[in-house]
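Trainee: just coords:
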């Protein structure tokens, strides 16, 4: 558990993310990289991995069974989808409903907390779409230099 003082100290540095690109004289705060001092790092790590983001954005269309999610994300392994769904449920971003049939039916849907993530995910997706070509060009330049 981090102290309120350390958390406030770190949170003050969140504003530093908006600092001018030309302000290179400033150094990043140590707390920014220390997982024991960062109050949001473990949350961001849990929800910004590729699979979590894809599952959340797919569940925006409504409730889905495991097999439907697996079909929608064909390159995810069954094990990784299971782990991703468990972690999202643990974090309160999705609800899991088991219907006692043979075999049991399991459905997943976004919780209110998960729904609240959609707007920031849309913003990140829009940024990625708007900069995709620039990033791909940069990767090609880098790969040419590295080969």
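Mentor: It's in. Just so you know, these numbers come straight off a predicted model, no measurement behind them.
Trainee: Strands of this protein, start to end?
Mentor: Read by DSSP state E, the chain holds these strands, from start to end of the chain: 64-65, 94-99, 105-110.
Trainee: May I see these organised as CSV, with mean neighbour count added?
Mentor: (Glycine included, C-beta is placed from N, CA and C.) CSV is the format used below for the strands of the chain (neighbours: other C-beta atoms under 10 Å):
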stretch, mean neighbour count
strand 64-65, 16
strand 94-99, 14
strand 105-110, 17
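Trainee: Save the ones you listed as JSON lines, and put in mean pLDDT and distance to residue 45 too.
Mentor: Shown next, in JSON lines, are the strands of the chain (pLDDT from 0 to 100; distance: least, C-beta to C-beta, whole Å):
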{"stretch": "strand 64-65", "mean pLDDT": "96", "distance to residue 45": "25"}
{"stretch": "strand 94-99", "mean pLDDT": "96", "distance to residue 45": "17"}
{"stretch": "strand 105-110", "mean pLDDT": "96", "distance to residue 45": "20"}
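Trainee: among those strands, which is nearest residue 44?
Mentor: Of all the strands of the chain, the one in closest proximity to residue 44, counting by C-beta to C-beta, is strand 94-99 (17.4 Å).
Trainee: mind checking pLDDT for the residue in the chain sticking out farthest from the centre?
Mentor: When each C-alpha in the chain is compared with the mean C-alpha position (C-alpha atoms, centre = their mean), residue 102 comes out farthest, at 34.0 Å. Turning to residue 102, the model gives it a pLDDT of 92.
Trainee: again, but for residue 39
Mentor: According to the per-residue confidence, residue 39 scores 76 in pLDDT.
Trainee: show me the contacts for residue 70.
Mentor: If a contact means C-beta atoms under 8 Å, 6 or more residues apart in numbering, then residue 70 has 76, 78, 81 as its contacts.
Trainee: domain assignment for this structure?
Mentor: For the chain, automatic domain parsing gives the domain ranges 1-39, 43-146.
Trainee: if you compare these, which one is most tucked away?
Mentor: Mean neighbour counts were taken over the domains of the chain using mean count of other C-beta atoms under 10 Å, and the top value, a mean of 13, falls to domain 43-146.
Trainee: Compute the first-to-last residue distance for that domain.
Mentor: 34 Å (C-alpha to C-alpha, to the nearest Å).
Trainee: Comparing the domains of the chain by mean pLDDT, which bottoms out?
Mentor: The lowest average pLDDT among those, as it happens, falls on domain 1-39, at a mean of 57.
Trainee: Right, I'll leave it there.
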